[in-house]
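Colleague: Provided below for reference: sequence and predicted model.
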Amino acid sequence: MQNILYFDVCSIPIFLVIFITVFVRRMTKGNTNRLFIALIILSAVCAFSDVILEYCCRSLPISDVRLITADIFTHIYFLTRTATIVVYFFFIFSVTGTWYRVRSAEMKVVLLIPMAVMYLMIFTNMFTGAVFTITPEEGYRRGYAIYVLYAICVLYAFIGTIYLLVSCRRFLPVGKLVALLAMYVLSMIAVVVQYFMPFLMIEMIVTAFSLILVVLFLLRPEEISDASVGSLSFGAYRSDIRKVLMTKQKVQIAVISFINARELQSYFGEERYLFYVSHVIKQLNMMFHREHIFFDIYFEQPGTVYIMVDDPNYDIEDAYKRLAEELRRSSDIAASAGERIIPRACNIVIPDDLSDIDEIIKFGREFHTQMPQGRIFAKAAEIISSRDYKVMSNIDTILSRAITQNKFRMYYQPIYSVEQKKFVSAEALIRLNDEEYGFVSPGIFIPAAEKRGIIIPIGDFVLEDVHRFISDIDFEKLGLEYIEINLSVAQCMQEELPGKLAVLSEKYGVSPDKINLEITETTYENTGNIMEFNLEALSGMGYTFSLDDYGTGYSNMHRVSKLPLKIIKLDKTLVDGMASEEGRSIVRNTVKMMRDIDKELVAEGVETQTELHSLEDMGCHFIQGYCFSKPLPADEFVKFVREHNRVNA
Ligand code: C2E
Ligand code: MG
Ligand code: MG
C-alpha cells in the first residue's frame, strides 16, 4: 500500500503558522518561549525530512544520490524526532514554572544521559546500522536499536506524564493540564498507529495539533503580560507565587514601590508615566541578564514592580542601589522622573519571611508604610520583626480584645489659651493598652477600625466617656470651657448622630457648648449630604466644630470660610515647618487669614518654647502640645489643670 503523505505535508504549514503567531504575539523572550520555538522548528524540520524521504524513496530512480539523500534525511528525521520529545520534556518544567527542579547541572546531566545515548546510536548508525539501514536491495530497514530509541522516548514521555499528573496537578487548571498531556498521549497513540500501519503517517500532524493546544491553553501572553510596560502582569505574579509555594521553592521577591505613583501619573500623563515605568523595567531586565540571574518581572498599577529572583541568596539591596544609579545616569525622561519619583524597596524571601499568598501580596502593597524611618530599602524580615508590623498584622485580635474587654481609655491633652493665659479646654484622645502588644497608637487602630466598619462602637464609647468625664468633674470651676472630640468619617455619616448626642447631653447634664467636635477636610469631602445635614442640625443644637489637621490636605480657604467652623487646628507639620523663615511666614499669614474670617486658631504639636513664643507673637489663640503636656489620664489631667490654672489665676 502507498504511504499516505498528506498528513505530513499538511503539518508543515501548521508549524509555519504557529511559528508566525509566536512572533506576532511577541512570545520570544524567556526560557519557555525559547523552548517552544525550538519545538516548532524541530517538528517542522522533522516533518519536512519525512516528506523528502517518502518523495525520494518513491519517485527517484535507484541511485547513489537517492541512497545518500535518503540516508541523510533519515538521520535528520531521527535526530529531530527524538529531540522534540526531549525538548518537550524540558518545556514542561519551564511552562509550569518549576524549572528550578531541573536547573542544577547534575540534574540536567542525569536527564540528558538517555538523550546522549540516543544521539550516540543515531550518529554511529552509519557504521553500525543498528537503528536503520538503507540498501539498494532492501530499501529502508529498521534495526534492533530503533526499539532502544522508542524505549528512551517512552521513558521521557512517561516521566513527563507522571510529573504532570503527580506534581503539577495541584496548581494547574484542568485545561492546561490536558493540553500539556495531549502531546505525549497523542504522540504515543500516533507512534503505535504508525508502527502497525506505517503507510498512515500521522505522527507529525498529531504533534502540530498538540502544539496548537499548547498555544491556545498555555502560552497566552495577553493573560500573563502587561503590554503597557513590557512586563508580566499582576495576575501572573499571583499565580507564580502560588506555584512557588506549592512546589516549596525558595525564592526572593524584590518589590519596588513608587509611593507617589498617582502624582507622577497626573504630572507626566498616563502615557509618559507608563513609558517611564517601562524604561525602569528595561533597565532591570538588562541588569539581571548581565548578571545571569534567573528572574521574572511583574507590574501592578499604579506603581509597584515585583521581581522574582530564583536565587534566594542574591544581594537584592546591592542590585537596587546599582539600578538606582543606572537610572540616574540614563535617558532624560528617566532622569527627570528619577528626581521626582519617591521609591521604596524591599526583598521578601519565600517561604522564610512569609509563606501565605495573601500575606505576601498584602506585604508587597503595604510594606512602604512600615519602612524604618528615613530608609529607602529594607529587608522584609526586618519589617516583619518590628513591633508596628506585628501590631498591624494582629490588629483584628487587638481590636476585638479591646472591644470585648473594654480596654479603651480616654486621655486629655490640655489646650492653652494665649489671651486668657490658662488652660480652657482639652482634646480627648483615645488610648489602648493591649495585654500582649502594649500601647497601640490610635494612628494605627483608628484607621484599621474604620476599614473594618467597627469605628461606630468605638466612637460611641468616646462620646459617652467624655460626657461622663465632664459631668463628673468641677468643669467650670477648673476654668474649662469645652472638650474637643475627634469624629471619624463613619460617625459623621450616621443619621442618628444628633440624636445620640442629645441623649448623652440629657443623660449627663452636659450642655452642647461644652463639646467641640473635630472633623477633617477629608471627612467633609467624603460624606456629602448627610454630613451637611448633621453639621447644620448639631450647630442648631449648640455644638461647635473644629477643622482638624489644617494644612495637611489641599486646604480650601473658600470652603473653610463657608463651613460652620469655630476653630481651625493648625497641623503639627506646619508648626514643625516654623524652623525656617518660609515656614514661619506661612504660619504667620495663616493666623492672620483665620483671624480675618473670624476663626479661632489652635496650633497642634507645639513642642518647644521657641515655637510657643513665635505663635503667641503671631496672634495664635490656642496652643496644644508637649511644651505644656502630653495627653493625660482623666485624673492627672484634672490635677494638671487645677495646679496650672490656679497658679495663673
Ligand atoms: P489628631 O486629632 O490630630 O490628634 C493630635 C495628635 O498629636 C495626638 O496623637 C497627640 O497625642 C499628638 N500630639 C499633640 N501634641 C504633640 C506634640 O507636641 N508632639 C507630638 N509629636 N505629638 C503631639 P494621638 O493621640 O496619637 O492621635 C493620633 C490621631 O488618632 C489623632 O490625630 C486622631 O486623628 C486620631 N484619634 C485619637 N483619638 C481619637 C478618637 O477618640 N476618635 C477618633 N475618631 N480619632 C481619634
Ligand atoms: Mg484631633
Ligand atoms: Mg490634628
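Modeller: It's in. Ligands and ions are numbered 1, 2, ... in the order given.
Colleague: Count the neighbours of residue 137 for me.
Modeller: Around residue 137 sit 6 other residues, with neighbours defined as other CB atoms under 10 Å. (C-beta placed from N, C-alpha, C; glycine too.)
Colleague: Residue 391 now?
Modeller: When neighbours are defined as other CB under 10 Å, residue 391 has 20 of them.
Colleague: let's number from 22 now, not from 1
Modeller: New numbering, starting at 22: the last item is residue 412.
Colleague: Output the contacting helices and strands for the host helix or strand of it.
Modeller: Per DSSP states H and E: residue 412 is located in helix 408-414. Counting contacts by 3 or more CB pairs under 8 Å, 6 or more residues apart in numbering; DSSP states H and E, helix 408-414 packs against helix 463-472.
Colleague: what is the mean pLDDT for the helix it packs on?
Modeller: Averaged across helix 463-472, pLDDT comes to 91.
Colleague: Pull out the buried residues from that helix.
Modeller: Residues of helix 463-472 classed as buried by neighbour count (16 or more other CB atoms under 10 Å): 463, 466, 467, 469, 470, 471.
Colleague: which of the residues in the lengthiest helix in the chain are buried?
Modeller: Counting by DSSP state H, the longest helix found in the chain is helix 85-116. By neighbour count with 16+ other CB under 10 Å, helix 85-116 contains the buried residues 87-88, 90-92, 94-116.
Colleague: Moving C-terminal from it, which element do we reach first?
Modeller: Next along from helix 85-116, by DSSP H and E: helix 126-144.
Colleague: can you state the direction angle for that following helix and helix 85-116?
Modeller: Relative orientation of helix 126-144 versus helix 85-116 (axes from the mean of the first three to the mean of the last three CA atoms, to 10 degrees): 160 degrees.
Colleague: Run the chain-centre distance for helix 126-144.
Modeller: On the basis of CA atoms, centre = their mean, to the nearest Å, helix 126-144 sits 41 Å off its chain's mean C-alpha point.
Colleague: Tell me which strands the top strand by length along the chain pairs with, and in which orientation.
Modeller: In the chain, with assignment by DSSP state E, the single longest strand is strand 443-455. Sheet pairing of strand 443-455 (DSSP bridges) gives strand 429-438 (antiparallel), strand 459-461 (antiparallel), strand 503-507 (parallel).
Colleague: which element follows the strand or helix carrying residue 511 toward the C-terminus?
Modeller: In this assignment (DSSP H and E), residue 511 forms part of helix 510-513. As assigned by DSSP H and E, the chain's next helix or strand after helix 510-513 is helix 518-529.
Colleague: which stretches of the stretch 172-321 of the chain aren't confidently modelled?
Modeller: Applying pLDDT under 70 to the stretch 172-321 of the chain flags the ranges 241-246, 248.
Colleague: In it, what residue comes closest to ligand 3?
Modeller: Residue of the stretch 172-321 of the chain nearest ligand 3, by CB to the ion: residue 280 (22.2 Å).
Colleague: need the contact list for that residue.
Modeller: Each residue near residue 280 by CB atoms under 8 Å, 6 or more residues apart in numbering is listed here: 324, 363, 364, 365, 389.
Colleague: same thing with residue 317?
Modeller: Shown in contact with residue 317 (CB under 8 Å, 6+ apart): 51, 253, 257, 261, 328, 329.
Colleague: That one belongs to a strand?
Modeller: Yes - assigned with DSSP: H, G, I helix; E, B strand; the rest coil, residue 317 falls within a strand.
Colleague: Residues in a beta bridge with it, which ones?
Modeller: Here residue 317, judged by DSSP bridges, has bridge partners residue 329.
Colleague: Quick check: it vs residue 43, distance?
Modeller: As judged by CB to CB, to the nearest Å, residue 317 and residue 43 stand 19 Å apart.
Colleague: With residue 192 instead?
Modeller: 25 Å.
Colleague: How many neighbouring residues does the closest residue to ligand 2 within the stretch 322-471 of the chain have?
Modeller: Nearest to ligand 2 in the stretch 322-471 of the chain, going by CB to the ion, is residue 448, at a distance of 5.5 Å. Using other CB under 10 Å, the number of residues around residue 448 comes to 22.
Colleague: Quick one: residues contacting it.
Modeller: For residue 448, the contacting residues are 433, 434, 436, 504, 505, 507, 539, 645, 652, by CB under 8 Å, 6+ apart.
Colleague: 6 Å instead?
Modeller: 434, 505 (CB atoms under 6 Å, 6 or more residues apart in numbering).
Colleague: just residue 191 next, same as before
Modeller: Counting by CB under 6 Å, 6+ apart, residue 191 makes contact with residue 267.
Colleague: Quick check: phi and psi at it.
Modeller: phi -60, psi -40 (degrees, to the nearest 10).
Colleague: residues in the protein within reach of ligand 2, list them.
Modeller: Contact residues (CB under 5 Å from the ion) of the chain with ligand 2: 507, 539, 569.
Colleague: restrict those residues to those near ligand 3?
Modeller: Among the residues of the chain next to ligand 2, the ones lying near ligand 3 by CB under 5 Å from the ion are residue 569.
Colleague: separation between the residue of the stretch 172-321 of the chain closest to ligand 3 and residue 416?
Modeller: Distance, residue 280 to residue 416, using CB to CB: 21 Å.
Colleague: Likewise for residue 651?
Modeller: The value you get for residue 651 to residue 416, if CB to CB is used, is 24 Å.
Colleague: between the two, who's got more neighbours?
Modeller: It is residue 416, of residue 651 and residue 416, that has more neighbours when counted by other CB under 10 Å, with 20 against 11.
Colleague: Test my guess that that one contacts residue 468.
Modeller: No - in this structure, residue 416 is not within contact of residue 468 by CB atoms under 6 Å, at 9.6 Å.
Colleague: And the contacts of stretch 424-432?
Modeller: Contacts for stretch 424-432 (CB under 6 Å, 6+ apart): 423, 449, 450, 451, 452, 453, 482, 486, 652, 653, 654.
Colleague: Would you check which pair of these lies furthest apart?
Modeller: Greatest spatial distance among the contacts of stretch 424-432 (CB to CB): 423 and 653, at 20.3 Å.
Colleague: So for these two, which sits in the more crowded spot?
Modeller: For residue 423 and residue 653, the more surrounded residue by other CB under 10 Å is residue 423, and the numbers stand at 22 against 18.
Colleague: Now do the contacts for that one.
Modeller: Counted by CB under 6 Å, 6+ apart, residue 423 has contacts 429, 453.
Colleague: A helix includes it, no?
Modeller: Yes - assessed by three-state DSSP, residue 423 belongs to a helix.
Colleague: ok, now how distant is it from residue 446?
Modeller: Separation of residue 423 from residue 446 (CB to CB) stands at 27 Å.
Colleague: Equivalent analysis for residue 109, please.
Modeller: In this view, residue 109 and residue 446 are 78 Å apart by CB to CB.
Colleague: Next: residue 591.
Modeller: 15 Å.
Colleague: what do you get for residue 426?
Modeller: For residue 426, the distance to residue 446 - CB to CB - is 30 Å.
Colleague: ok, now residue 153?
Modeller: Using CB to CB, residue 153 is found at 100 Å from residue 446.
Colleague: Could you do residue 654 as well?
Modeller: From residue 654 to residue 446 the distance is 17 Å (CB to CB).
Colleague: out of those two, which sits in the more crowded spot?
Modeller: residue 446 (24 against 13).
Colleague: Just the endpoints, please. Distance across stretch 399-410?
Modeller: 13 Å (CA to CA, to the nearest Å).
Colleague: same thing with stretch 524-544?
Modeller: 24 Å.
Colleague: With stretch 559-572 instead?
Modeller: Using CA to CA, the end-to-end distance of stretch 559-572 comes to 25 Å.
Colleague: again, but for stretch 568-586
Modeller: 7 Å.
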